[in-house]
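>>> this one's structure only:
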């Protein structure tokens, strides 16, 4: 990847037909900034071009899978920069969703905001017992903008999704399993081995059949895979309006300054 050693925030390892992509910014709970998103895309480019890789595992280091977008970057962004970053991240989630090779999320800790949206775009989710999931953007005066308002209802239904998103609610690993988001829970110490064992199993199966299964199941959960329909465009449009609002700027500033937000409805 086209970065210096000091800038590497996403690690890529391959072997035995499996690529492991690791979010590696633990001091920031793997909060996703532009550099990380670029490196994630570069890792996927490498994986896509490697014929020996037949399955992908995405995980994080430290206490978080990913704590969402880097809000400090939001505070410094103008409307155009925010929109460009949101579209890039939405495209990343769509890319994972429609990636030809199966993508397994190995959730080692909290997966919040954009981190949860990446998880929702993966094909299979393995979670540590201590993992938790949520879309807390309402606390910033915003809404999820990387597909979260569209993908979460596919698992929990629209009423439960509204409840979780409107209250910045969290799902435990057990609750996420009951909702169908997580397919297997294991001890944290066993997470990497469990995910890689599953990925190795899938990698050993007929790759054309696996790709066809992924595509076919995609049609069961979306009208047109790769083109998710008007709800996704509406989600982004609403998010851009919220970012430009007084409440949106206040919520972001309050988060960065570690103080309660004072929302006024403007």
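Ah, there it is. Remember, it's a predicted structure, so these values are computed and weren't measured experimentally.
>>> What ranges does the stretch 1-150 of the chain have for its strands?
With DSSP state E, counting those that start in this stretch, the ranges of strands along the stretch 1-150 of the chain come out as 10-15, 18-23, 55-60, 64-66, 103-107, 110-112, 124-128, 132-134.
>>> Please tabulate those strands in JSON lines, including the columns mean pLDDT.
What follows is these, written out as JSON lines (pLDDT from 0 to 100):
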{"stretch": "strand 10-15", "mean pLDDT": "97"}
{"stretch": "strand 18-23", "mean pLDDT": "98"}
{"stretch": "strand 55-60", "mean pLDDT": "98"}
{"stretch": "strand 64-66", "mean pLDDT": "98"}
{"stretch": "strand 103-107", "mean pLDDT": "98"}
{"stretch": "strand 110-112", "mean pLDDT": "98"}
{"stretch": "strand 124-128", "mean pLDDT": "98"}
{"stretch": "strand 132-134", "mean pLDDT": "98"}
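>>> can these go into JSON lines with extra columns for distance to residue 198 and mean neighbour count?
C-betas here are computed from N, CA, C, even on glycine. Putting the strands of the stretch 1-150 of the chain into JSON lines (distance: least, Cβ to Cβ, whole Å; neighbours: other Cβ atoms under 10 Å) gives the following:
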{"stretch": "strand 10-15", "distance to residue 198": "15", "mean neighbour count": "16"}
{"stretch": "strand 18-23", "distance to residue 198": "9", "mean neighbour count": "23"}
{"stretch": "strand 55-60", "distance to residue 198": "8", "mean neighbour count": "26"}
{"stretch": "strand 64-66", "distance to residue 198": "17", "mean neighbour count": "27"}
{"stretch": "strand 103-107", "distance to residue 198": "6", "mean neighbour count": "28"}
{"stretch": "strand 110-112", "distance to residue 198": "18", "mean neighbour count": "26"}
{"stretch": "strand 124-128", "distance to residue 198": "7", "mean neighbour count": "25"}
{"stretch": "strand 132-134", "distance to residue 198": "19", "mean neighbour count": "23"}
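>>> and of these, who's closest to residue 184?
Proximity of the strands of the stretch 1-150 of the chain to residue 184 was assessed by Cβ to Cβ; the nearest stretch is strand 124-128, lying at 5.0 Å.
>>> who does that closest one pair up with?
Its sheet considered, strand 124-128 pairs with strand 103-107 (parallel), strand 184-186 (parallel) by DSSP bridges.
>>> count of residues packed around residue 7?
Neighbour count of residue 7, defined by other Cβ atoms under 10 Å: 12.
>>> And it, how close does it get to residue 36?
Per Cβ to Cβ, to the nearest Å, residue 7 is found 10 Å from residue 36.
>>> Any chance of CSV for the strands paired with strand 124-128, columns distance to residue 194?
Below are the strands paired with strand 124-128 laid out as CSV (distance: least, Cβ to Cβ, whole Å):
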stretch, distance to residue 194
strand 103-107, 8
strand 184-186, 5
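>>> Which of the ones you listed sits closest to residue 154?
The minimum distance between residue 154 and the strands paired with strand 124-128 falls on strand 103-107, with 15.5 Å, by Cβ to Cβ.
>>> which regions of the protein sit below the pLDDT cut-off?
Within the chain, the set of residues satisfying pLDDT under 70 comprises 1-6, 221-229.
>>> and the spatially most central residue of it, how far is that from residue 183?
Computing the C-alpha centroid of the chain and ranking residues by Cα atoms, centre = their mean puts residue 118 first, at 1.5 Å. If you measure residue 118 against residue 183 using Cβ to Cβ, the figure is 16 Å.
>>> Same check on residue 194?
Applying Cβ to Cβ, the value for residue 194 to residue 183 is 11 Å.
>>> okay, and the common contacts of those two?
Shared contacts of residue 194 and residue 183, defined by Cβ atoms under 8 Å, 6 or more residues apart in numbering, comprise residue 126.
>>> Give me the more crowded residue out of those two.
With neighbours defined as other Cβ under 10 Å, residue 194 and residue 183 compare such that residue 194 has more, 19 against 15.
>>> Fine by me, thanks again.
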